[in-house]
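Undergrad: Show me the folded form of this:
(2 chains)
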Amino acid sequence: MTETPAYEPRQEAMRVYALATANELATALEKVGPPDGAEEMRAPEIGLVMARGRIGGTGAPFNAGEVSVTRAAVRLTTGEIGIAYQLGRDKPKARTAAMLDALWQAGRRTEVHAALEPVRNRIAEERALKARRVAATKVDFFTMVRGED
Amino acid sequence: MYVAVKGGEAAIDNAHALLDHERRGDPSVPELSVAQIREQMTLLVDRVMTEGSLYDPDLAALALKQARGDLIEAVFLVRAFRTTLPRFGTSEPIDTDTMRAIRRVSAIYKDLPGGQVLGPTFDYTHRLIDFALAAEGEPERPAESQAASEVMPHVASLLDGERLIEREPAADPNIPVGDLTREPLDFPAGRDLRLQALARGDEGFVLALGYSTQRGFGRTHPFTGEIRIGDVEIEFVPEELGFAVPLGEMTLTECEMVTQFTGSAAQPPQFTRGYGLAFGRGERKAMAMALVDRALRAREFGEEVAAPAQDEEFVLSHCDNLQATGFVEHLKLPHYVDFQAELELVRRMRAEHEAGGQTDALEAAE
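TA: You can find the predicted model right below:
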């Protein structure tokens, strides 16, 4: 078995920041407690990432088209650097995500994780509902008459 | 010949103010919000994203509002916006195998792992205008049933077990991936560049070309191996982090067409593939793109290149609706001097023609 890479829990938290709404993320940061004197290392910036598809869904990559992405970086007074890259053009949301990422690294992992609990639940519920609705459109084939001659 | 002229500034300003006024329509009707367009004109928003080649539903919805619903004008706005932004880099290749599908159908296998899931589709509707929609009202709650967390392998992998379908070229880190937004298209173009051009190409144009292959202009007789629509995660590795950051999720549509191939000296008889990918829910576009992708592979399979859909220079040079509209619509801009020159030329030729005619008449009389 391969070992889980050390960055994986941080990556998982970043996944939640990306899927959260701006309000959800602001609430989470409020709960954890915004860091004092955090410095903006990189002001939130909107840019592009070229999205790559794969030929046939599984083969060699090709450039499918771009996505808009906002990035931000903050540094805590204790030195931790929080980084965010997210789809869309919401600068305050990217800054909030970078703050949470910095706090996550500054020994506040448990608090950040707990503050994101409602977001994870909301996402899981929405996905489950969507999946149940989609499942109701699954086709059950049955043979009516089989022509034998 | 181009000559700069001045004048018309006031007329232009007033025309734009009039445009803003007309865009609003009857002020007694509530104004459309960008969120309404994004949520209720979804397929149009998706098409603007696909042909604008930028995944950003809010931006596409705003562009549609500004463009008064004109698709190509909205594409123009989106493309212009993207030129103002820096590019952070390139995403990891998206794994559509992991897509949470809202629709997945195959026309070649009835019972396939993961099943046939119709999802929200216009198929099997009666295409009768629903006058009930003219009144406001909540739609019925969709039905629910137990969702199995079955994986949905690509249908092509089922044929692959018997080696009856060609394998897609594997990713090779030593081969650079072409990007037509960075370097002008050159012919012959690799399949990566062809797919990029088709992905952002005009749906109407690609649809017509796909249709032409079915009607016999580059006959391929394809089957829809699979269509899937759903949400999938996109990841990006920033240099400063060195691991993949999940950027969020995007909705994609992909289509795989399979076509019988009788084989050649180099390849055994097998099924060959054509691929289509669109941002959002773009089933028609993805299907048409897959047909054209396969048609453009004619040379690769030693097929005769005889039809427009097989001619890559023709297809790739004309599939971009922004380039097309730019060149067609430039004709309405002032060409006063060019036309004066042609007018002089036609006058002179006419005079010569008439003089010649008189000479002919004299000769005939003699």
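Undergrad: Tell me who's in contact with residue B:296.
TA: B:191, B:194, B:309-310, B:312, B:315 (CB atoms under 8 Å, 6 or more residues apart in numbering or on different chains). C-betas here are computed from N, CA, C, even on glycine.
Undergrad: quick one: contacts for the closest residue to chain A within the stretch 51-200 of chain B?
TA: Using CB to the nearest CB, the closest approach of the stretch 51-200 of chain B to chain A is made by residue B:168 at 2.7 Å. By CB under 8 Å, 6+ apart, residue B:168 lies in contact with A:54-56, A:58-60, B:156, B:273.
Undergrad: go again using 6 Å as the cut-off
TA: A:55-56, A:58-59 (CB atoms under 6 Å, 6 or more residues apart in numbering or on different chains).
Undergrad: Pick the one among those closest to chain B.
TA: residue A:59 (2.7 Å).
Undergrad: wait, the closest one sits on residue B:171?
TA: No. Look at residue A:59 against residue B:171 with CB atoms under 6 Å: they stay out of range, at 7.2 Å.
Undergrad: tell me the two of the contacts of residue B:296 that are most distant?
TA: Spanning the widest gap among the contacts of residue B:296 are B:191 and B:309, at 15.1 Å by CB to CB.
Undergrad: Could you point out the longest helix of chain A?
TA: The longest helix of chain A (DSSP state H) is helix A:117-135.
Undergrad: Other residues contacting that helix?
TA: A:16, A:19-20, A:24, B:102, B:117, B:119, B:142, B:144-145, B:147.
Undergrad: Just those residues: which are in helices?
TA: Filtering the contacts of helix A:117-135 for helices - DSSP H - leaves A:16, A:19, A:24.
Undergrad: C-alpha coordinates for the helix or strand bottoming out on mean pLDDT in chain B, CSV please?
TA: The helix or strand of chain B with the poorest confidence is helix B:156-160; it has a mean of 82 (mean pLDDT, DSSP states H and E). The C-alpha trace of helix B:156-160 is given here as CSV (Å, rounded to 0.1, in the frame of the first residue of the first chain):
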residue,chain,number,x,y,z
ALA,B,156,-15.1,2.0,-24.9
SER,B,157,-13.3,0.1,-22.1
LEU,B,158,-15.9,-2.7,-22.5
LEU,B,159,-14.9,-3.1,-26.2
ASP,B,160,-11.2,-2.8,-25.2
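Undergrad: and chain A, which residues reach chain B?
TA: With the criterion set to CB under 6 Å from any CB of the partner chain, chain A comes near chain B through A:7, A:14-15, A:18, A:47-69, A:85-87, A:131-139, A:141.
Undergrad: Buried among those residues? Make that a ChimeraX selection.
TA: ChimeraX command restricting the residues of chain A next to chain B to the buried ones, with burial defined by 16 or more other CB atoms under 10 Å in any protein chain shown:
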select /A:14,15,18,47,48,49,50,51,52,53,54,55,56,57,58,59,60,61,62,63,64,65,66,67,68,69,85,86,87,131,133,134,135,137,138
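Undergrad: from the residues of chain A next to chain B, which ones fall inside helices?
TA: Residues from those lying in helices, with DSSP H as the criterion: A:14-15, A:18, A:131-135.
Undergrad: thinking residue A:84 is in contact with residue A:98, fair?
TA: Yes. Assessed by CB under 6 Å, residue A:84 is found in contact with residue A:98 at 4.1 Å.
Undergrad: Determine the residues that are contacts of both of the two.
TA: Taking CB under 6 Å, 6+ apart as the criterion, residue A:84 and residue A:98 both touch residue A:72.
Undergrad: Give me the mean pLDDT for stretch B:188-196.
TA: Confidence for stretch B:188-196, expressed as mean pLDDT, is 96.
Undergrad: Next, the buried residues of that stretch.
TA: Buried-residue list, stretch B:188-196, by 16+ other CB under 10 Å: B:189-196.
Undergrad: out of those, which touch chain A?
TA: B:192, B:195-196.
Undergrad: before we move on, which element is the nearest residue to residue B:107 once chain neighbours are set aside in?
TA: Distances taken as CB to CB, 6 or more residues apart in numbering or on different chains place residue B:224 nearest to residue B:107, at 4.1 Å, with adjacent residues excluded. Using DSSP states H and E, residue B:224 falls within strand B:222-236.
Undergrad: packing partners for that strand?
TA: With contacts taken as 3 or more CB pairs under 6 Å, 6 or more residues apart in numbering or on different chains; DSSP states H and E, strand B:222-236 sits against strand B:100-105, strand B:245-261.
Undergrad: on that earlier part again, among the buried residues of stretch B:188-196, which are located in helices?
TA: B:191-196.
Undergrad: what's the burial count for residue 118?
TA: Let's take chain A. Counted with other CB atoms under 10 Å in any protein chain shown, residues neighbouring residue A:118 total 14.
Undergrad: should've been chain B
TA: 16.
Undergrad: Can you check the pLDDT for it?
TA: So, for residue B:118, pLDDT stands at 96.
Undergrad: now the most centrally placed residue in chain B: how far from residue B:237?
TA: Per CA atoms, centre = their mean, the C-alpha nearest to the average position across chain B is that of residue B:201, at 3.4 Å. Distance of residue B:201 to residue B:237, computed by CB to CB, to the nearest Å: 29 Å.
Undergrad: just residue A:86 next, same as before
TA: Taking CB to CB, one finds residue A:86 at 15 Å from residue B:237.
Undergrad: what's the answer for residue B:189, then?
TA: Distance, residue B:189 to residue B:237, by CB to CB: 27 Å.
Undergrad: Then residue B:349?
TA: With CB to CB as the criterion, residue B:349 and residue B:237 are 66 Å apart.
Undergrad: neighbour-wise, which of the two wins?
TA: More crowded of residue B:349 and residue B:237, by other CB under 10 Å: residue B:237, with 15 against 10.
Undergrad: Which residue is the nearest non-sequential neighbour of the more buried one?
TA: residue B:244 (5.1 Å).
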